[in-house]
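Engineer: What shape does this take:
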Amino acid sequence: MEHLLSGRHAASASTLHGLLMIDCLSPRWRRATVVLAWVSSTGSAQPASATRVTLNDSHFHITNYIQKGPDVHDILRLMGDSVGRVALFGIPLQQEWLEAVSGTNAPTYYLHSDAPLYYYSFTDAYIAMQYRSLTREQQARFDPMITGFNPRDMYAAEHIRRVLRTFPGVFSGIGEFTIHKEFVSDKVRPGPASLLTPALDSVLAFAGEAGMVVILHNDMDVPFPSDTSKPAYINQMRALIKRHPNTTIIWAHTGLGRVVRPVTGHAAVIAAMLEDPAFSHLYFDISWDVVAKYLVASPEAVRISAALLERFPDRFLFGTDAVAPTTAAAWFTTDEVYAPLWRALRTDTRDKVRRKNYERLFDAARLRVRAWEAAHQQ
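Structural biologist: Presented below is the predicted three-dimensional model:
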């Protein structure tokens with residue numbers, strides 16, 4: 001089974017104290033300090049019964065591929081006391097309904113039709129308004145993300161800046177957005193994204209400047225490769241990550257997909273990056289029940305997965321990758337599939353992967369993004 005599965009950006013208490021004690025000579029920095037003080041007091045807010053929190057969800061889509069989903073208040077009720085916080089985003093792509101392709105059968109998923117997908121920028125405004133409909137205490141349990149941009153467009157970074165200025169106090173990062181994804185990339189219009197485009201570099205550079213967490217979906221390999229020892233996109237992805245050392249990047253699903261299976265020595269490939277100081281800003285999420293099935297496929301797979309997480313307990317985050325769930329059962333399927341892995345981990349490692357790593361990364365992002373917004377008010 002080895003062939004299957006083989007923070008420095010966190011803000012410490014002293015760092016936060018230093019930020020708050022800045023000698024704020026200009027009005028711009030006075031505004032920034034006020035924002036930082038407010039976020040410092042509320043950024044780690046949890047539900048009243050915080051001791052019952054068992055997970056934070058780093059990967060959650062409130063809307064689906066036709067931009068429909070439950071109201072955020074319904075999500076809050078499903079969270080109850082056991083889910084502390086959720087990284088909240090929609091899906092940046094809209095599945096087109098072409099009568100000439102599917103007739104009166106309206107597709108609701110990208111595999112339901114041969115019609116193309118197109119970028120749907122309104123998703124960011126929708127997420128912002130959902131967030132703003134909550135009380136401040138409720139808002140503290142969500143970390144909204146910007147996704148409605150075309151990553152091959154040189155204006156993409158400007159879109160992100162515009163969203164931050166239009167909805168200050170809302171967003172903590174960007175993503176999940178997609179570069180290479182099985183079945184999806186070929187359907188996107190005006191064409192597939194690329195890891196090599198300077199537009200993507202400008203997006204990641206700005207994310208680093210503003211302190212935003214980045215959740216990036218990029219398959220490590222192509223579907224049905226002839227040789228899994230030479231993943232198609234690994235070298236391009238490594239180079240991209242190295243070019244942006246000041247940007248906190250979460251590689252979604254560890255580069256796996258529905259039919260993009262673990263590459264040869266998958267765990268070893270990940271470990272090699274995590275032990276390299278050049279990737280100290282890189283994290284992985286283990287979201288999606290499809291990924292969970294790979295990681296717990298056998299006792300040996302569980303052993304390898306657990307060993308990887310135990311070796312790098314600060315570098316992995318749990319996410320469900322639920323898409324517009326309306327019931328707890330639909331939301332927490334991934335968590336249930338991972339049960340063998342949770343049992344195999346030490347308590348401290350499990351708690352970091354399921355809760356603490358999320359809080360560390362997103363608390364730091366809240367502080368930095370609010371400071372950027374205050375410093376760049378129009």
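Engineer: So, low pLDDT: which residues of the stretch 251-378 of the chain?
Structural biologist: Scanning the stretch 251-378 of the chain for pLDDT under 70 picks out 378.
Engineer: Where do the strands of it begin and end?
Structural biologist: Taking DSSP state E, counting those that start in this stretch to define them, one finds strands in the stretch 251-378 of the chain at 282-285, 316-317, 322-323.
Engineer: and the nearest residue to Pro107 once chain neighbours are set aside, how many neighbours?
Structural biologist: In this structure, Pro107 finds its nearest non-sequential neighbour in Ser113, 3.8 Å apart by Cβ to Cβ, 6 or more residues apart in numbering. (C-beta placed from N, C-alpha, C; glycine too.) Around Ser113 there are 20 other residues, counting by other Cβ atoms under 10 Å.
Engineer: Just list the residues touching Ser113, thanks.
Structural biologist: Gln95, Glu96, Trp97, Leu98, Val101, Ser102, Pro107 (Cβ atoms under 8 Å, 6 or more residues apart in numbering).
Engineer: quick one: the third one from Thr108, how far?
Structural biologist: Distance of Trp97 to Thr108, computed by Cβ to Cβ, to the nearest Å: 9 Å.
Engineer: didn't His281 look like it was pressed against Thr248?
Structural biologist: Yes - assessed by Cβ atoms under 8 Å, His281 is found in contact with Thr248 at 5.7 Å.
Engineer: which one of those two has more residues nearby?
Structural biologist: More neighbours surround Thr248 than the other of His281 and Thr248, with 25 against 18 (other Cβ under 10 Å).
Engineer: Kindly confirm whether my reading is correct that that one touches Ala365.
Structural biologist: Yes - Thr248 lies in contact with Ala365 (Cβ under 8 Å); the separation is 7.0 Å.
Engineer: mind listing what His73 touches?
Structural biologist: Contacts of His73 (Cβ under 8 Å, 6+ apart): Ser133, Leu134.
Engineer: before we move on, the earlier item: are there residues contacting both of Trp97 and Thr108? Which ones?
Structural biologist: Ile66.
Engineer: returning to that earlier point: overlap in contacts, Thr248 and Ala365.
Structural biologist: With Cβ under 8 Å, 6+ apart as the test, Thr248 and Ala365 both reach Gly173, Met212, Val213.
Engineer: State the distance from the nearest residue to the first one once chain neighbours are set aside to Asp351.
Structural biologist: Same thing as Gly173. Excluding the flanking residues, the one nearest Gly173 by Cβ to Cβ, 6+ apart is Val213, at 3.4 Å. According to Cβ to Cβ, Val213 and Asp351 sit 20 Å apart.
Engineer: okay, those two: which has more neighbours?
Structural biologist: Val213 (29 against 15).
Engineer: That one is in contact with Ser172, isn't it?
Structural biologist: Yes - with contact defined as Cβ under 8 Å, Val213 reaches Ser172; the gap is 6.1 Å.
Engineer: can you give me the helices in the stretch 251-378 of the chain?
Structural biologist: Counting by DSSP state H, counting those that start in this stretch, the stretch 251-378 of the chain has these helices, from start to end: 266-274, 289-295, 299-311, 328-331, 333-337, 339-344, 347-351, 357-375.
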